[in-house]
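>>> model the structure of this input:
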Amino acid sequence: MLHELSADFGGHPAEDIGKLTKSMLAWRKLERERLIGERLKLKEVQREAMDARIAERIEACIDGTQGLVISAYWPFRNEPDLKPLLKCFAREGARTALPVVVAKHQPLAFREWKSGDKLARGVWNIPYPAEGAEVVPDIVIAPVVGFDRHCFRLGYGGGFFDRTLAAQPKMPLRIGVGYGFQLLPAFDRHIHDIPMDMVVTPEAVYAPE
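As a prediction, this is how the structure comes out:
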């Protein structure tokens, strides 16, 4: 998630960083820069069409949402914008949510939110629900910077998202979202990395191989 960008709120412990070599970490850094750069080149009309297709594919993958708690995210730096999908889920009877930073070096919480509810500004000026109840998600939708065919997610580098998943009382269904050009060859991973159950792009739905 976006909060992975801030060393103040996330970040790998030194012993975990040591699990990857300097060359591996350098590759990750360069790939992040390259992929984010490619994403930032996308025109709004391109993204709108691709995001609509991603939303269609996610809907097709979920068999009924009534009564489920579904968390997504507030898009940043041309990440897929799935707020319209959350509105659709809410109309179907789901409880929708966004992640919230609660304290430094702690996992994210998930707070109920639907379109029109009050927002506040948090880390990196990202909006989060100002008043919603804390919930435990059944489904978590998260953006990727990159991903491989095993559905491991290359994030922003802090490991914040994986710690958040590990802290949940039950493991949610994990849906990564991104664009086709973000697919990477299999890459070395940190010991704590948790794969997505699927990664959805405009072109395809990837399941772990």
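
>>> and Gln168, how far is that from Gly180?
29 Å (Cβ to Cβ, to the nearest Å). Yep, even glycine has a C-beta here, placed from its N, CA and C like the rest.

>>> going by neighbour count, list what's buried in the helix or strand harbouring Thr164.
Assigned by DSSP states H and E, Thr164 falls within helix 160-166. When neighbours are counted by 16 or more other Cβ atoms under 10 Å, the buried residues of helix 160-166 are found to be Phe160, Phe161, Asp162, Arg163, Thr164, Leu165.

>>> sorry, back to before: give me the more crowded residue out of Gln168 and Gly180.
Gln168 (14 against 10; other Cβ atoms under 10 Å).

>>> with adjacent residues omitted, what lies nearest to the more buried one?
What sits nearest to Gln168 in space, not counting adjacent residues and going by Cβ to Cβ, 6 or more residues apart in numbering, is Val136, at 6.5 Å.

>>> phi and psi next, for the one you found.
phi -110, psi 110 (degrees, to the nearest 10).

>>> helices or strands next to the helix or strand harbouring Glu59 in the packing?
Assessed by DSSP H and E, Glu59 sits inside helix 44-61. On a contact count with 3 or more Cβ pairs under 8 Å, 6 or more residues apart in numbering; DSSP states H and E, helix 44-61 meets helix 83-91, strand 173-177, strand 198-200.

>>> please enumerate the strands of this protein.
Here the chain has its strands, by DSSP state E, at 69-71, 95-100, 109-112, 119-121, 127-129, 139-143, 146-147, 153-154, 173-177, 198-200, 205-206.

>>> ok, which of those comes nearest Arg77?
Arg77 lies closest, by Cβ to Cβ, to one member of these: strand 139-143, at 9.3 Å.

>>> strands paired with that closest one, and their directions?
Strands that pair with strand 139-143, judged by DSSP bridges, come out as strand 69-71 (parallel), strand 173-177 (parallel).

>>> now do the same contact list for Pro74.
Just so we're on the same page, residue 74 is Trp rather than Pro. Trp74 sits next to Leu2, Lys83, Leu98, Ile126, Pro127, Tyr128 when contact means Cβ atoms under 8 Å, 6 or more residues apart in numbering.

>>> closest to the centroid, which residue in the protein?
The chain has Ala142 as the residue nearest its centroid, 1.9 Å off, counting by Cα atoms, centre = their mean.

>>> wait, what's in contact with that residue?
Here Ala142 is in contact with Met1, Ala72, Tyr73, Arg153, Phe161, Arg174, Ile175, Gly176, Val177, Met196 (criterion: Cβ under 8 Å, 6+ apart).

>>> so which of the residues you listed comes closest to Ala120?
For the contacts of Ala142, the nearest to Ala120 is Tyr73 (15.4 Å; Cβ to Cβ).

>>> I'd say the closest one and Thr96 touch.
No: the pair Tyr73 / Thr96 is not scored as a contact, 11.3 Å apart, by Cβ atoms under 8 Å.

>>> in the helix holding Glu59, what's buried?
Buried residues in helix 44-61 (16+ other Cβ under 10 Å): Arg47, Met50, Asp51, Ala52, Ile54, Ala55, Arg57, Ile58.
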